[in-house]
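Engineer: Quick check, what structure comes out for this input:
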Amino acid sequence: MKYLYVAATEEVEREALAAVTGRVAAEFACQVRSMELGSVEFAFDADRRQYGSIPLLDMLLRRCPQDASKLLAVTERDLFIPVLTFVFGQAQLGGRVGVVSFARLRQEFYGLAANREIFLERAHKEALHETGHLFGLVHCAERKCAMSLATTVRQIDLKEDAFCAACARAMRRSPEGKKV
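Structural biologist: Next up, the predicted model:
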C-alpha cells in the first residue's frame, strides 16, 4: 500500500499540522502517514533572508519513503523561487513532492493581530492546492476553486476550501488520484 506522507519541519506548530493533515486525508480519501524533516537551514539564502523551495523539493525527493505515493512538507519558513519574491508553496505537477509554507498565511506576518481561524483556513486551502498539483491538477480559472492561482493572501481568502466541480471530476478521473 502507498501512503500520502505529510512531513513537518521542526518549528511547525503541531496542532496546525494535525488540522492540515486531517483536511488533506479527508479530501483525498487516503491513508496519511507523518514524518519529521528536522532543520532546513541548508536552504536559507542570506541575501534574500528566505528559504529556497527548490532545494527543499530536492531534499524531499531524496528523503521520500519507499511506501510514499506523495510527500507534502509543511514549514513555517518563508519560501521563494528565484523568479518570484515569495511562494506560498510549490509542488511537482503529477510528481511525488511538494511544500507549503505557513509563514505568509498568518495575519502576524502583515503586522495584524493573530487570527487562528483565518490562518487555518488559509493553510487548508494551500495544502489542498499543492496536493492537488501532486495529483496532476493544474491552476484553475475558477477563482473560488482551491486550485486557482493565488499570489496574495487576499486571493487565498477569496478561494473556497474545496475543488470546483471540474477539478473534483478531474481528480476522480486521474490515475494518480486512484493510486493512494
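
Engineer: what kind of secondary structure is residue 37 in?
Structural biologist: strand (DSSP: H, G, I helix; E, B strand; the rest coil).

Engineer: quick one: contacts for it?
Structural biologist: Residues near residue 37 by CB atoms under 8 Å, 6 or more residues apart in numbering: 7, 8, 9, 10, 59, 60, 63, 73, 75. The way it works is simple: take the backbone N, C-alpha and C, and place the C-beta from them, glycine included.

Engineer: do residue 38 as well
Structural biologist: Contacts of residue 38 by CB under 8 Å, 6+ apart are 9, 10.

Engineer: isn't residue 60 right up against residue 6?
Structural biologist: No - here residue 60 does not reach residue 6: they are 11.6 Å apart, not a contact under CB atoms under 8 Å.

Engineer: which residue ranges form the strands in this protein?
Structural biologist: 3-9, 32-38, 44-45, 50-52, 68-75, 79-80, 89-91, 97-101 (DSSP state E).

Engineer: got the buried residues for the longest helix along the chain?
Structural biologist: For the chain, the helix with the greatest residue count under DSSP state H is helix 116-134. Neighbour counts over helix 116-134 (16 or more other CB atoms under 10 Å) mark 118-134 as buried.

Engineer: Show me the beta-bridge partners of residue 32.
Structural biologist: With DSSP bridges applied, residue 32 shows beta-bridge pairing to residue 4.

Engineer: quick one: common contacting residues for residue 60 and residue 6?
Structural biologist: With CB under 8 Å, 6+ apart, residue 60 and residue 6 have common neighbours 71, 73.

Engineer: rewinding a little: tilt between the longest helix of the chain and strand 3-9?
Structural biologist: Here helix 116-134 points in a direction 130 degrees away from that of strand 3-9 (axes from the mean of the first three to the mean of the last three CA atoms, to 10 degrees).

Engineer: Let me know the angle separating helix 116-134 from strand 68-75.
Structural biologist: Going by the same axes, to 10 degrees, helix 116-134 makes 140 degrees with strand 68-75.

Engineer: Ignoring the adjacent residues along the chain, who's closest to residue 128?
Structural biologist: residue 146 (4.3 Å; CB to CB, 6 or more residues apart in numbering).

Engineer: Thanks again, I'm all set now.
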